[in-house]
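Q: Fold the following.
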Amino acid sequence: MPTTSATAPVSVLGLGLMGSALAAALLKAGHPTTVWNRTASKTGPLAAQGATPADTVGDAIGAAPLVIVCLTTNDDVRALLAPEAGALAGRTVVNLTNGTPEQARELARWAAEQGVSYIDGGIMAVPQMIATPAAYILCSGTDEKAYETHRPTLAALAGTKWVGDDPGAAALYDLSLLTGMYGMVMGVVQAYALVGSAGVPAREFAPLLKGWVGAMTEGLVPGMAEALDSGQHLTDVSSLAVNQAALPNFLAAYEEAGVSGELLRPLQGLLDRAVEAGHGADGLSRLVTFLEKG
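A: A predicted model of the protein is given here:
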């Protein structure tokens, strides 16, 4: 009997927190799921849910036409898959390991040489979000047909978004989105450190911080995109000159409070360079151009 998208078999290589969440979601959606992990004991909880543990990587690959890989680094992916090139031929690999765009392109070139369809993916979720409406996976590669074939299966994990035929596109989008997240997280960390230095409970401050960050990003993100695409950086909101003059107050306050300013201090040099180059009247979007090399 031919399999349908709801019963298509899948193999998952790598059972860390994310890999385990992926495998559990596939099982819950009814997919026969074979799992492999270097530490075999990690297959136990999934076996209890109905997964089939594989003794070897080759056994896992041979069990399904779709192989999902979720390891720590792309070097680990290459080392794991290279000895199994023959078994992988004719199958599709969806690599959900975090890495750089160029690493994704290198893996795609290697896969093509082996006759393997390769899809690179970036998971925009933490493990607890897998199989919820909040999660989505960015996908890219030279074989969009393979993506369309397996998209119904991938839907058991999260919504998917195809971002192009450049195998490095998913990693580019992934790292760019995570960069925005880390910038926000570092600002939140710095804010809690400063307010906490005065003994203010974090729980008391949290609603104010959440509301402020949300309100600022709602307008800032699309507004900055418009400025960048149009090349019109002039602003009547908060100019680079104003921010340049204000930042020393932040750094001084951190010093007075006994809090390190290392997370925000690099911004001073960037503001100084932009203002000295004659862009003091521009908005913060102008700083993007000062991060570009060449």
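
Q: And the strands in this structure?
A: 10-13, 33-36, 52-53, 66-69, 92-95, 117-124, 136-140, 159-162 (DSSP state E).

Q: Contacts for stretch 224-234, please.
A: Residues from elsewhere that reach stretch 224-234 (Cβ atoms under 8 Å, 6 or more residues apart in numbering): Thr235, His279, Ala281, Asp282, Gly283, Leu284, Ser285, Arg286, Val288. From N, CA and C alone the C-beta is placed, and that goes for glycine too.

Q: Now tabulate the strands of the chain in CSV and tack on distance to Val242, mean pLDDT and mean neighbour count.
A: What follows is the strands of the chain, written out as CSV (distance: least, Cβ to Cβ, whole Å; pLDDT from 0 to 100; neighbours: other Cβ atoms under 10 Å):
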stretch, distance to Val242, mean pLDDT, mean neighbour count
strand 10-13, 51, 98, 29
strand 33-36, 55, 98, 27
strand 52-53, 60, 98, 18
strand 66-69, 48, 98, 24
strand 92-95, 45, 98, 26
strand 117-124, 34, 98, 26
strand 136-140, 36, 98, 23
strand 159-162, 37, 97, 16
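
Q: Output these as TSV; include the columns distance to Ala198.
A: Formatted as TSV, the strands of the chain follow (distance: least, Cβ to Cβ, whole Å):
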stretch	distance to Ala198
strand 10-13	48
strand 33-36	50
strand 52-53	54
strand 66-69	48
strand 92-95	47
strand 117-124	36
strand 136-140	39
strand 159-162	43
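
Q: just to revisit the earlier point, report the buried members of the contacts of stretch 224-234.
A: Thr235, His279, Asp282, Gly283, Leu284, Ser285, Arg286 (16 or more other Cβ atoms under 10 Å).

Q: possible to save those residues as TSV with distance to Gly223 and pLDDT?
A: Formatted as TSV, the buried ones among the contacts of stretch 224-234 follow (distance: Cβ to Cβ, whole Å; pLDDT from 0 to 100):
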residue	distance to Gly223	pLDDT
Thr235	9	92
His279	17	97
Asp282	13	97
Gly283	8	97
Leu284	10	96
Ser285	8	97
Arg286	13	97
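
Q: How many neighbouring residues does Ala134 have?
A: 12 (other Cβ atoms under 10 Å).

Q: doesn't Val126 make contact with it?
A: No. Assessed by Cβ atoms under 8 Å, Ala134 is found out of contact with Val126, at 9.7 Å.

Q: which residues of this protein fall in helices?
A: Applying DSSP state H to the chain gives helices spanning 17-28, 44-48, 57-62, 74-81, 85-88, 101-113, 144-154, 169-196, 202-230, 240-257, 266-276.

Q: so how far is Ala245 from Ser285?
A: Distance of Ser285 to Ala245, given as Cβ to Cβ, to the nearest Å: 19 Å.

Q: With Gly86 instead?
A: According to Cβ to Cβ, Gly86 stands 65 Å off from Ala245.

Q: Count the neighbours of the spatially closest residue to Leu17 that is not a sequence neighbour for me.
A: Leaving aside its sequence neighbours, Leu17 sits nearest to Pro127 (Cβ to Cβ, 6 or more residues apart in numbering; 4.6 Å). Pro127 has 16 neighbouring residues, counting by other Cβ under 10 Å.

Q: List the contacts of Pro127.
A: Counting by Cβ under 8 Å, 6+ apart, Pro127 touches Leu17, Met18, Ser20, Ala21.

Q: which of those are buried?
A: Burial by neighbour count, 16+ other Cβ under 10 Å: within the contacts of Pro127 this picks out Met18, Ser20, Ala21.
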